[in-house]
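Student: Below is the sequence, then the predicted model.
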Amino acid sequence: MAYHPRLIVLDEPFGGLDPLVRDELIEALLERATEATIFISSHDLAEIESFASHVGYMSQGRLQFSEEMGSLAARFREVEVTLEAPRSMPAEMPNSWLQIESAGVVVRFVESEFDERRTREHIRRVFGDTREVDFRSMTLRKIFLAMARKGAEV
């Protein structure tokens, strides 16, 4: 990293590195982040999540989204709804709900456009009264898997 480029492009830079060398590489990249744009293509999502400021997701050669990590983390949630009684799933669900699963009185899905008030309104409209609704933050890996599974359904 002696040379000071404005753009650094790395493809799977963490593969095969021991933890010490991996940390040194990340530290060197972070030192350059103020003077360069660093583009990393990687399947090592835990590493990316630990230091990336922006993330993009490509599927079949198309950019599906590109946004700040904070924004991405804020708009995805795992949702678990506990109904008052078992019921059949309605045919119409919001487009922002991914991976919808139900078992007995529990319905689980990924909300890809999370806004607590709006999401609660959608849940109320779709299911009526509920016993409990739980929202959980998602890791970058879980977000990636939800998007990949959505793409496989299409």
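Tutor: Right, received. Where do you want to start? Residues are numbered from 1 along each chain as shown.
Student: Count the neighbours of Val133 for me.
Tutor: Val133: 16 surrounding residues under other CB atoms under 10 Å. Bear in mind the C-beta positions are built from the backbone N, C-alpha and C, glycine included.
Student: host element of it?
Tutor: Taking DSSP states H and E as the definition, Val133 sits inside strand 130-137.
Student: Please enumerate residues in contact with that strand?
Tutor: For strand 130-137, the external contacting residues (CB atoms under 8 Å, 6 or more residues apart in numbering) are 73, 77-84, 105, 111, 114, 116, 119-120, 123-124.
Student: Which of the residues you listed are buried, as a PyMOL select command?
Tutor: With 16 or more other CB atoms under 10 Å as the criterion, this PyMOL line picks the buried residues out of the contacts of strand 130-137:
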select buried, resi 73+77+78+79+81+83+111+114+119+123
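Student: thinking again about what came up before, for the strand holding Val133, which strands pair with it and how are they oriented?
Tutor: Using DSSP bridges, strand 130-137 pairs in its sheet with strand 77-83 (antiparallel).
Student: following the partner strand, which helix or strand shows up next?
Tutor: strand 97-103.
Student: Name every sheet partner of the helix or strand following that next one and say whether each one runs parallel or antiparallel.
Tutor: Downstream of strand 97-103, the next assigned helix or strand under DSSP H and E is strand 106-111. Strand pairing for strand 106-111, determined by DSSP bridges: strand 77-83 (antiparallel), strand 97-103 (antiparallel).
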